[in-house]
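1. Could you work out the structure for the sequence below:
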Amino acid sequence: MMKCKPSQNSEYIMHYRLRDLSYRGHFMLAALLSLYGWVVWVVVVGCGCVWAGWWSLLRPTLPPAHLSRFYARPTFLYPLKVIVFYCLVKFRKSRDGEADGAGYGAKSYRRVEEMERSQPLCKGPKAIDAVFFSGAGGRGWGLVVAMERRPRTLTSTLIYLKVPGQGLLVRPTHPDTVTFRRTQDEDRFCAGDLTITPSNPMTTWTIHYKGKLKSEAESMAEEVAAEFELRWVTQLPHFDYDTDLPPLTTAKAFAREPWNREFFTHLRQHHQTHYEQMGQLVGTITLDGITHSIYLPAFRDHSYGREREWRLMHRYVFHHIFLEDGSRGVVGVVCQPSTCSRLEVGHWWSGYGDGCSVSDVGLQLHQHGENGTPPTDYAFTFTAGGVERLVEVEVDEAPQHYLGWDWEARMVETFVRYRVDGVPGSGICEWHYRNRTGRPSKLNDRDPISMKDYRSQYLAAGFGGI
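-> Residues are numbered from 1 along each chain as shown. Alright, predicted model coming up:
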């Protein structure tokens, strides 16, 4: 038998060992690649499940595609954008008023005394400082009083007075609200025979009116001599939309929008500080020499900022609810496409004075009065303090008026009966619509001659919206 040489035998063994190692290496590589594929698949599926779960938890509504010009539809990145904006709001809140500009978690002022005053107006013609009061009671009385201050004495003044057995009374110039302050009243809420004055910060305001009112329904009816001596009082804290809206609700709203440089520019330029409070209206109202004592559950708000551009707003609705068991609150939805096409807002207070913010509103604007006529009998849900409530609404009166020097906004100010989880009540519901008819020329011709050039500046300023 022939034997291999030692060197040849070693080479033979080494060859097979190397081939075996090669086979094992290929096998291990294949196993690692397979394991890697499984890991990637598990990660992708896991992330997809988390993403889908987060999306489902956020529950974004999808408005019809043909209304996407006004109501933004959330994109695939919506959950991530919610997280980013949520962190932004929480960071701004943590700065405790030191953030750059008010809003989105940051206060406009540290002291309430600086909030509760006639605000210094910016130089732009659309600068705004506005107050609004509403009240309604079971005896059939209802009241809305509001005033917007703009630069150069331009003012909007509004009064609605619902009188039992007499109907709805309004100012003689209704539905036009344009008025002008006297030069000495430039820094006050005082125009059109109406004076509104802050007396004690976040506690007391006074409302005085002495002038004529007319029937809203009967244009030929005689005017009524009216005088209001009212105080708005409260012991409840105010609700500041800059800081008190739930961060997650705020983040969900702004994450719906397409994010670009123009979007964030609009957020800075068109922000307005807005805060609200629930309280009571007490005092007297005298009509043609007959004095009536008034005690109404009531609401008020105060807004101010560098610009209020009504032409940017598509729609909104605010419900001011006063129930017979003492509960009360505000529930609203705002659609301003340039910044936020669905912002759910509000706050709810028990009869014992305990309050919480509204975190979810079931009412879809595009399903309620998108054609320009608000519904008169409807229902929706809202969530506050983790409790979902059912609101039923029946409209008694639905007058309208216009705001802005060119009537850029049409307001339908409804006086309604509420029922929340079966508890009856009353109140106001304000519907806003973008208006394009313009203010009649015969009304413009009556404006002071000295304001003609300023009107041109007003009309040319701002916009860039819908």
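2. ok, G422 - how many residues close by?
-> Using other Cβ atoms under 10 Å, G422 has 7 other residues around it. Just so you know, the C-beta spots here come from the backbone N, C-alpha and C atoms, and that holds for glycine as well.
3. where does the stretch 151-300 of the chain have low pLDDT?
-> Of all residues in the stretch 151-300 of the chain, none has pLDDT under 70.
4. can you pull out the helices in it?
-> 247-255, 261-269 (DSSP state H, counting those that start in this stretch).
5. Name the stretch among these that sits most buried.
-> helix 247-255 (a mean of 22; mean count of other Cβ atoms under 10 Å).
6. ok, and what's touching stretch 256-265?
-> P60, A72, R73, P74, T75, Y78, K81, S338, T339, C340, S341, R342 (Cβ atoms under 8 Å, 6 or more residues apart in numbering).
7. before we move on, back to that, let's have the helices of the stretch 151-300 of the chain in JSON lines, adding distance to H368.
-> Putting the helices of the stretch 151-300 of the chain into JSON lines (distance: least, Cβ to Cβ, whole Å) gives the following:
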{"stretch": "helix 247-255", "distance to H368": "18"}
{"stretch": "helix 261-269", "distance to H368": "25"}
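8. Of all these, which one comes closest to I321?
-> helix 247-255 (18.8 Å; Cβ to Cβ).
9. Off-centre distance for that closest one?
-> 12 Å (Cα atoms, centre = their mean, to the nearest Å).
10. same deal with stretch 447-464?
-> The answer for stretch 447-464 is 27 Å, by Cα atoms, centre = their mean.
11. picking that back up, for E309, which of the helices of the stretch 151-300 of the chain is the nearest?
-> So among the helices of the stretch 151-300 of the chain, helix 261-269 is nearest, using Cβ to Cβ, at 9.0 Å.
12. OK, contacts around V89?
-> For V89, the contacting residues are Y104, G105, P247, T250, A251, by Cβ under 8 Å, 6+ apart.
13. what's the answer for R150, then?
-> R150 neighbours (Cβ under 8 Å, 6+ apart): L121, P125, K126, A127, I128, S156, Y458.
14. same check, this time on T206
-> Here T206 is in contact with T195, I196, T197, S199, L230, R231, W232 (criterion: Cβ under 8 Å, 6+ apart).
15. Repeat the analysis, applying 7 Å as the threshold.
-> Counting by Cβ atoms under 7 Å, 6 or more residues apart in numbering, T206 touches T197, S199, R231.
16. Same list (these) but as TSV, adding neighbour count and distance to D453.
-> Below are these laid out as TSV (neighbours: other Cβ atoms under 10 Å; distance: Cβ to Cβ, whole Å):
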residue	neighbour count	distance to D453
T197	14	31
S199	12	37
R231	15	40
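17. any idea which of the residues you listed is closest to I294?
-> Nearest to I294 among the contacts of T206, with distances taken as Cβ to Cβ, is R231, at 9.8 Å.
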